[in-house]
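A.B. asks: Below is the sequence, then the predicted model.
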Amino acid sequence: MDITELLLNWYSENKRLLPWRESDNPYHIWISEIILQQTRVEQGLAYYHRFVDAFPDVFALAAAPAEKVLRLWQGLGYYSRARNLHQAANQIVSDHNGKLPDNYKDWINIKGVGSYTAAAIASICFNEPIPALDGNVMRILTRLFAVDQPVNKSATKKLLYDLTMEIIPQDKPGDFNQAMMDFGSMVCKPARPLCASCVLSHTCHAFQSDTVYKYPRKEPKKPVRERFFHYFFFFYPARDNEMRFFVQKRTGNDIWKNMYELPLLETKEPINRENLLNDPWWKANRIDSTNLLLNGQVLEMKHLLTHQRIFASFYQIRVDGVTKNRLAKQHLSVNLHEFETLAKPALIERYIKQMNV
DNA sequence: AATCCGGGGAG
DNA sequence: CTCCCAGGATT
């Protein structure tokens, strides 16, 4: 038996039972593929259920406010996926009468859909024999064929694409692509792959030469950027004695675009209390910091992203009437309940939760 | 072709 | 801690 046949046999006996596999609705496949980009199945599962429940079809998704889509995505990361998905739904409704594309070429033109996702949808839903190269697949291939080039290079990806083109079956490309993903996550795992029980080990160049640990090769990545965020929980009692505080929406090309956070003073370096109070930020926000922070409590939190390390300090400050009015001009005033409905970074969510303890 | 964009789980 | 996950857009 050849690789393809062995793999499909393995798949028929070991495939994972996943909700989107019980459906032949391209919308479900599409949503699942976007959610699972750079995201483990276990992490994405609950989001998938909530998402298709809230937005059962492309029309519901297109009609939804962008803020609601982003809020549902909260905690999943890579939020451009949510923004693009919403744009894509509107794109499909306005340009395609709400009919989802039925081929690779048209899917690749949809916002947020790249070569992998277009290949996955086209092969699973429409039987187009196009390789869907994700991290799992590239790991399997580099081991199977002992590919020495680093996988985080586009030239290597092209090579692996051509290799896969050789073994993808014309009759069931969807099963093949999904089989590769399951096989990669269950057998040909990043660490401690199950070579002893692998049905492909006899043809695996890495296994045969006892060099599985060398693959996939990766070019070292550059060090992460460090950032220092100083968040201010400016609170005040409203007329009904309910606590309200100020938040703002992040704009520009930075992390957490369009999500809500507390008023933020960012510095390039760690900063002491005195320099913090003398920062031009206060003048820019027209706040008199002279008597601020004197006995406010500070909460330190470290937040790790793939490419950034954020050291966050949270300052709780009760503001007087004048400061409140100043802040109100450039910030949104909310209570805890209202803030709950807004999309916010995991760091902010973590702070709010911790605060209530 | 390189860089940026999140968050969480495994080891 | 480090690495990786059903990658894509931007530059």
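C.D. replies: Perfect, I can see it now. Everything numeric here is computed off the predicted structure, so don't read it as measured data.

A.B. asks: hmm, stretch A:117-132 touching DNA strand C?
C.D. replies: Yes - on the criterion C-beta under 7 Å from any atom of the strand, stretch A:117-132 is in touch with DNA strand C at A:117-118, A:120. (Glycine included, C-beta is placed from N, CA and C.)

A.B. asks: between these, which has the most around it?
C.D. replies: Each of the residues of stretch A:117-132 next to DNA strand C was scored for neighbours by other C-beta atoms under 10 Å, and A:A120 scores highest at 27 neighbours.

A.B. asks: could the residues of stretch A:117-132 next to DNA strand C be laid out in a markdown table, adding distance to A:R71?
C.D. replies: Shown next, in a markdown table, are those (distance: C-beta to C-beta, whole Å):
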| residue | distance to A:R71 |
| --- | --- |
| A:T117 | 23 |
| A:A118 | 27 |
| A:A120 | 26 |
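
A.B. asks: Phi, psi for A:N275 please.
C.D. replies: Reported as degrees, to the nearest 10, the phi and psi values for A:N275 are phi -70, psi -30.

A.B. asks: Count the neighbours of it for me.
C.D. replies: 11.

A.B. asks: and if you look at A:M1?
C.D. replies: 10.

A.B. asks: Next up, the contacts around it.
C.D. replies: A:M1 is in contact with A:N9, counting by C-beta atoms under 8 Å, 6 or more residues apart in numbering.

A.B. asks: cutoff 10 Å now
C.D. replies: A:7-9, A:199, A:203 (C-beta atoms under 10 Å, 6 or more residues apart in numbering).

A.B. asks: Redo those as a markdown table? Include pLDDT, secondary structure and neighbour count.
C.D. replies: Below are these laid out as a markdown table (pLDDT from 0 to 100; DSSP: H, G, I helix; E, B strand; the rest coil; neighbours: other C-beta atoms under 10 Å):
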| residue | pLDDT | secondary structure | neighbour count |
| --- | --- | --- | --- |
| A:L7 | 97 | helix | 22 |
| A:L8 | 97 | helix | 15 |
| A:N9 | 97 | helix | 13 |
| A:V199 | 97 | coil | 17 |
| A:T203 | 96 | helix | 15 |
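
A.B. asks: quick check, nearest of those to DNA strand B?
C.D. replies: Within the contacts of A:M1, distances to DNA strand B taken as C-beta to the nearest atom of the strand reach their minimum at A:V199, with 20.7 Å.

A.B. asks: So A:A328 is in contact with A:F246, correct?
C.D. replies: Yes - counting by C-beta atoms under 10 Å, A:F246 is a contact partner of A:A328 at 7.4 Å.

A.B. asks: Which neighbours do the two have in common?
C.D. replies: A:Y236.

A.B. asks: give the contact list for A:L85.
C.D. replies: If you count contacts by C-beta under 10 Å, 6+ apart, then A:L85 has A:30-31, A:34-35, A:51, A:55, A:61, A:69-70, A:73, A:110-113 around it.
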